[in-house]
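Enquirer: pasting the structure only:
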């Protein structure tokens, strides 16, 4: 993705992030984007302090719909206002998939440990089949998550476009390359 082209880490793929710098006051930018958020019917969301949560409206939303967290503030030791954005699945979806990955990894680890101990004592153990089963389950979960990411891609690009165009309407916007 062009907005995330410099972040090739796994975390950058799962929850893309990017930063912009603008030449206006943070409170002005927050208020402006918040006003546009309530006027534009193609997005929904709310503001909480210096954060704005931008989402797909409920009638277009599905399980894989993304949400974008936008933080606008003057960073320490800089002379500009920074807009930090994090795009990812809804918090409920994020927590559920983290639970699924963790549960599979823990079950596979315990099955593998128990299987290796039993194999060393008895010479055979059906518990060792838990390792390839765990690998298949983790791979299946990863593929399902990637399919879901692809399903929410257009909505994610719309959220980013909404933010960028609204900020660009009120001030100069430049990308920060980390």
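Expert: Cool, got the structure. Since the structure is predicted, the reported quantities are computational estimates derived from the model, not experimental observations.
Enquirer: Apart from its neighbours in sequence, what residue is nearest residue 114?
Expert: Take residue 114 and drop its neighbours on the chain: the residue closest to it by CB to CB, 6 or more residues apart in numbering is residue 127, 4.9 Å away. Just so you know, the C-beta spots here come from the backbone N, C-alpha and C atoms, and that holds for glycine as well.
Enquirer: quick one, what contacts that neighbour?
Expert: Going by CB atoms under 8 Å, 6 or more residues apart in numbering, residue 127 touches 111, 112, 114, 115, 118.
Enquirer: And the helices in the chain, which stretches?
Expert: Using DSSP state H, the helices of the chain run over 10-14, 26-39, 91-122, 130-151, 153-170.
Enquirer: From the centroid of the chain, which residue is nearest?
Expert: residue 88 (2.1 Å; CA atoms, centre = their mean).
Enquirer: separation between that residue and residue 149?
Expert: Applying CB to CB, to the nearest Å, the value for residue 88 to residue 149 is 9 Å.
Enquirer: cool, residue 66 as well?
Expert: 8 Å.
Enquirer: And this structure, what are its domain boundaries?
Expert: Domain ranges of the chain: 10-89+153-176, 95-145, per automatic domain parsing.
Enquirer: Return the mean pLDDT over the first one, rounded to an integer.
Expert: Yep, that's domain 10-89+153-176 we're talking about. For domain 10-89+153-176, mean pLDDT rounds to 89.
Enquirer: The chain should start at 18 in everything you say after this.
Expert: Sure, I'll start numbering at 18, so the last one becomes domain 27-106+170-193.
Enquirer: from the chain's centre, how far out does that domain sit?
Expert: 13 Å (CA atoms, centre = their mean, to the nearest Å).
Enquirer: cool, and stretch 159-166?
Expert: With CA atoms, centre = their mean, you get 13 Å for stretch 159-166.
Enquirer: And for stretch 131-146?
Expert: Chain-centre distance of stretch 131-146: 40 Å, with CA atoms, centre = their mean.
Enquirer: repeat for stretch 114-123
Expert: That offset, for stretch 114-123, works out to 17 Å (CA atoms, centre = their mean).
Enquirer: Please name the nearest non-neighbouring residue to residue 158.
Expert: residue 117 (5.5 Å).
Enquirer: Got the confidence number for the one you found?
Expert: 96.
Enquirer: tell me the phi and psi of the nearest residue to residue 82 once chain neighbours are set aside?
Expert: Excluding the flanking residues, the one nearest residue 82 by CB to CB, 6+ apart is residue 73, at 4.5 Å. Dihedral angles of residue 73 (phi, psi; degrees, to the nearest 10) stand at phi -80, psi 140.
Enquirer: Much appreciated, bye for now.
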